[in-house]
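J.: Have a look; sequence and predicted model below, questions after that.
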2 protein chains.
Amino acid sequence: MRVELVTVGDELLLGDTVNGNAAWLGRRLAERDVEVTRSVVVGDRLEEIVQAVRDGLDRADAVITTGGLGPTSDDLTRDALAKAAGVGLVRDPALERRLRDRVAAAGRTLQPMALRMADVPEGARTLANSAGSAPGLCVDLPGGPVYVLPGVPFEMHAIMDEVVLPELAERAGLPEVARRTLRTAGLWESVVAARLAPVEAMPGVTLAYLPDPAEVRVRVTAAGDDPAALLAEAEGRVRELLGDAVYGAEDETLDRVVHRLLAERGATAATAESLTGGLIGAELTRMPGSSATFLGAVVSYATGLKHRLLGVDEALLAAEGAVHPEVARQMAEGVRDRLGASYGVAVTGVAGPEPQDGRPVGTVYVAVAGPGSPTRVTRPRPPVPGPGDESRAALRRMTVVYALDLLRRVLLGLDSEPAAGDARNDREEKG
Amino acid sequence: MRVELVTVGDELLLGDTVNGNAAWLGRRLAERDVEVTRSVVVGDRLEEIVQAVRDGLDRADAVITTGGLGPTSDDLTRDALAKAAGVGLVRDPALERRLRDRVAAAGRTLQPMALRMADVPEGARTLANSAGSAPGLCVDLPGGPVYVLPGVPFEMHAIMDEVVLPELAERAGLPEVARRTLRTAGLWESVVAARLAPVEAMPGVTLAYLPDPAEVRVRVTAAGDDPAALLAEAEGRVRELLGDAVYGAEDETLDRVVHRLLAERGATAATAESLTGGLIGAELTRMPGSSATFLGAVVSYATGLKHRLLGVDEALLAAEGAVHPEVARQMAEGVRDRLGASYGVAVTGVAGPEPQDGRPVGTVYVAVAGPGSPTRVTRPRPPVPGPGDESRAALRRMTVVYALDLLRRVLLGLDSEPAAGDARNDREEKG
């Protein structure tokens, strides 16, 4: 099965918008082993759209278009489809009713122009849109089907996943699939991939790695007679092979996991930050309602403030500088104590681009102080960064993940350490 | 002048990479009034690249390709160009020498495969690459020139700006241009555009608006006989019409401006944050060397900590809740005092999605305490956000900008207020 993508919109040619829709469609199709022959962007011009759709069907078995389905005069995709099919546009009474109902429910008046959205090429099927008002369309041309999707990403995603992919799969006799994304922290992508080689070898299972600084999401796709059972088996193997590094699944980000674990224990957290400058606090306040489990942060960027605001030993700071495991420990205990939190999380380190206090860029210490057990201090080993502002940003971002991940491990009572204690992680990346 | 873009790479079709190169090229060409006919992505397949280049020259006066110029066997663009031109590849001695010198200088051995990067289609011109090792190429086909650029963005940008755009301009008789980006804070895009209507009307001047939360960058392009003089005139008008809202130019971000103003005054800053959770501190520590002018932050997310850590009046908090102008004032003065900074910056507000203490989402107070003048407190008016996590993130991001912008105004001794006091800003956006 080969598909060609046609994305419609002057804003894409002008570069005002980056073509995220084409990338998303490419990933979805690749997961199902559907080949994308070309991905073409055309402007809001009738003839161009018609030509791109025809060219696409010359090369591929189907065409998917996005964009140009709105109500304004520069939305020409439905006209282009009618022209390519050699038919006229007809008003779909069900679509018209739905439009009128929506507008009435919102207490507004229907603009005559908006009725364009109820027009479809004669003989076209409408594709249900569970996420918005504009349905997708499918027109069967002699060269193959043309699926016409709106440009609004979440609407396009819904129609693609719920209607188009299942239909393409059936047309091409593609096997049924089940899919799940597992989230890991602290391991490098190459290490995750090496460990998961046995899962890669399972028939019907494919893995995709989606790396972020200090995190890797693993998307597991299972295809076959009973994809749900195969997925469960594959997921079990992944969890076995990656162990504690798997912190969540799907959209459960690390901050959400930490909030959940804190809430389950009736506990709260506070952070003491240096090189991250407040990023850990910012991460722990992304989620609405986070004030139930996050109290606050002290950013002691100037070395002297580590003593004044957090009670870190002045002699220690004078002797060792700010980047030292004992400083991290005292910061975590200090912020826990002074803010009255159940858990104190602290980071200190060198974000670069210059060394600090004689420590090289990338030296980072993370500490978590909590009730009932000694304070944990680890030294994660981020990949050695290149020069410049971008590596500084990446190091800061990785430090946020290391800190939240250590808090997670402490909350779960795990002795394991993230990247820090993982000699294999260290060795393989450098080797 | 019409140009077609051909971007080469399986990673683009598979969606592993979003096509930022096409967007960048589209913007650059649009600024010069060059029309982009289509933007086509093809995979790493020789015949596909050849066909896309030929199709492009059927529609346009020139083709620009990016990607597929590296040293590995899936880098096929130079082979495709040779094939499209009906010539062979020849090794360019100057390129070979440069490659060998670079590798030797780095103390490495040249891989035989890497020599592919010294091969060019017979008769092709090389285009100087000031940013990297792979030069661009230009092949003149019967339908027009094909410019072949590497896929690495900063190398592609360098060759495009230094060689291709000037050459296209000369071929098409496009006027010379000069270009400058001015950065504004606190005004909405629609307001900036409305105020700049007189500049839009200047012959030879075009404006592009690049909006971020609470910031708008205005790119001024001047074309004509003396573009530098025209640009200077247009820039003067823009600064006149936007006044204090213009905080910098080109890559001088707001945090850099604030650090510079602080350093010029031998002053330091500290922040007291609530809804931003540490984002202002994070912003003020993005830049290397920021410890010279930024001391630290107190994130008093829990209401009680505003009293304990910053000395905000308990009775005030009990009576008014945390979101109140007087709370913002006391936070700013408290953090200035307790951290020993010259300036204290504070924010408190409701990021949503739920109201807090009876205040609606979007209620935000920003305060700056400093030496020698009373503490300033303003209430910015962010656009009323929609529901959900994304608006929460946007509101937090806008609050960072409002806070840094108020600090900037205080440092400059300006009485003006950002979005807060700008009735026109308010009225026009809502109208």
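T.: That came through, no problem.

J.: Would you tell me which helix is longest in chain A?
T.: If you go by DSSP state H, chain A has its longest helix at helix A:389-411.

J.: Show me what it packs onto, helices and strands only.
T.: strand A:177-185, helix A:254-264, helix A:279-283, strand A:343-349, strand A:364-370, strand A:373-378 (3 or more C-beta pairs under 8 Å, 6 or more residues apart in numbering or on different chains; DSSP states H and E). The C-beta positions use only the backbone N, C-alpha and C, and glycine is treated the same way.

J.: Alpha carbons only: can I get that helix in PDB?
T.: Output of helix A:389-411 as PDB, limited to C-alpha atoms (Å, rounded to 0.1, in the frame of the first residue of the first chain):
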ATOM      1  CA  ASP A 389      23.600  27.900  24.600                       C
ATOM      2  CA  GLU A 390      21.700  24.900  23.200                       C
ATOM      3  CA  SER A 391      23.700  22.400  25.300                       C
ATOM      4  CA  ARG A 392      23.200  24.600  28.300                       C
ATOM      5  CA  ALA A 393      19.500  24.400  27.800                       C
ATOM      6  CA  ALA A 394      19.700  20.600  27.200                       C
ATOM      7  CA  LEU A 395      21.700  20.100  30.400                       C
ATOM      8  CA  ARG A 396      19.200  22.100  32.400                       C
ATOM      9  CA  ARG A 397      16.300  20.200  31.000                       C
ATOM     10  CA  MET A 398      18.000  16.800  31.700                       C
ATOM     11  CA  THR A 399      18.700  17.900  35.300                       C
ATOM     12  CA  VAL A 400      14.900  18.500  35.700                       C
ATOM     13  CA  VAL A 401      14.300  14.900  34.600                       C
ATOM     14  CA  TYR A 402      17.000  13.400  36.800                       C
ATOM     15  CA  ALA A 403      15.600  15.300  39.800                       C
ATOM     16  CA  LEU A 404      12.000  14.200  39.300                       C
ATOM     17  CA  ASP A 405      13.100  10.700  38.500                       C
ATOM     18  CA  LEU A 406      15.100  10.400  41.800                       C
ATOM     19  CA  LEU A 407      12.100  11.700  43.700                       C
ATOM     20  CA  ARG A 408       9.900   9.100  42.000                       C
ATOM     21  CA  ARG A 409      12.400   6.300  43.000                       C
ATOM     22  CA  VAL A 410      12.500   7.500  46.600                       C
ATOM     23  CA  LEU A 411       8.700   7.700  46.700                       C
END
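
J.: about what we covered before: right, and the helices and strands packed on helix A:389-411 - which one's nearest chain B?
T.: Evaluated with C-beta to the nearest C-beta, the helices and strands packed on helix A:389-411 place helix A:279-283 nearest to chain B, the distance being 3.2 Å.

J.: is that closest one up against chain B anywhere?
T.: Yes - using C-beta under 8 Å from any C-beta of the partner chain, we find that helix A:279-283 touches chain B at A:L279, A:I280, A:G281, A:A282, A:E283.

J.: The helix or strand following that helix versus helix A:254-264: what angle between them?
T.: Remark: after helix A:279-283, the chain's next helix or strand is strand A:294-300, criterion DSSP states H and E. For strand A:294-300 against helix A:254-264, the angle by axes from the mean of the first three to the mean of the last three C-alpha atoms, to 10 degrees is 120 degrees.

J.: Just give me how far strand A:294-300 sits from the chain centre.
T.: Mean-position distance between strand A:294-300 and its chain equals 27 Å (C-alpha atoms, centre = their mean, to the nearest Å).

J.: Who does that strand pair with, and is each partner parallel or antiparallel?
T.: strand A:269-273 (parallel), strand B:294-300 (antiparallel) (DSSP bridges).

J.: Tell me the helix or strand right after it.
T.: Immediately after strand A:294-300, counting by DSSP H and E, sits helix A:303-308.

J.: What is that next one packed up against?
T.: strand A:294-300, helix A:314-320, helix A:325-339.

J.: Send over the longest one as PDB, restricted to the C-alpha atoms.
T.: So that's helix A:325-339. The C-alpha coordinates for helix A:325-339 follow below in PDB (Å, rounded to 0.1, in the frame of the first residue of the first chain):
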ATOM      1  CA  PRO A 325      27.400  16.100  46.700                       C
ATOM      2  CA  GLU A 326      27.300  17.300  50.300                       C
ATOM      3  CA  VAL A 327      26.000  20.700  49.100                       C
ATOM      4  CA  ALA A 328      23.200  19.000  47.300                       C
ATOM      5  CA  ARG A 329      22.400  17.000  50.400                       C
ATOM      6  CA  GLN A 330      22.200  20.000  52.600                       C
ATOM      7  CA  MET A 331      20.200  21.900  50.100                       C
ATOM      8  CA  ALA A 332      17.600  19.100  49.900                       C
ATOM      9  CA  GLU A 333      17.400  18.900  53.700                       C
ATOM     10  CA  GLY A 334      17.400  22.700  54.100                       C
ATOM     11  CA  VAL A 335      14.500  23.200  51.700                       C
ATOM     12  CA  ARG A 336      12.500  20.300  53.200                       C
ATOM     13  CA  ASP A 337      12.900  21.800  56.700                       C
ATOM     14  CA  ARG A 338      12.400  25.500  55.900                       C
ATOM     15  CA  LEU A 339       9.400  25.000  53.600                       C
END
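
J.: report the angle between the axes of that helix and strand A:364-370?
T.: Going by the same axes, to 10 degrees, helix A:325-339 makes 40 degrees with strand A:364-370.

J.: angle of helix A:325-339 against helix A:389-411?
T.: Going by the same axes, to 10 degrees, helix A:325-339 makes 70 degrees with helix A:389-411.

J.: okay, now the domains of chain A?
T.: A:2-172, A:177-249, A:254-430 (automatic domain parsing).

J.: what's the most buried one of those?
T.: domain A:254-430 (a mean of 21; mean count of other C-beta atoms under 10 Å in any protein chain shown).

J.: circling back: kindly reformat the helices and strands packed on helix A:389-411 as CSV containing mean pLDDT.
T.: Listed next are those as CSV, based on pLDDT from 0 to 100:
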stretch, mean pLDDT
strand A:177-185, 93
helix A:254-264, 98
helix A:279-283, 98
strand A:343-349, 98
strand A:364-370, 97
strand A:373-378, 95
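
J.: Could you export these as CSV, including distance to A:T109?
T.: Shown next, in CSV, are those (distance: least, C-beta to C-beta, whole Å):
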stretch, distance to A:T109
strand A:177-185, 43
helix A:254-264, 42
helix A:279-283, 43
strand A:343-349, 54
strand A:364-370, 58
strand A:373-378, 62
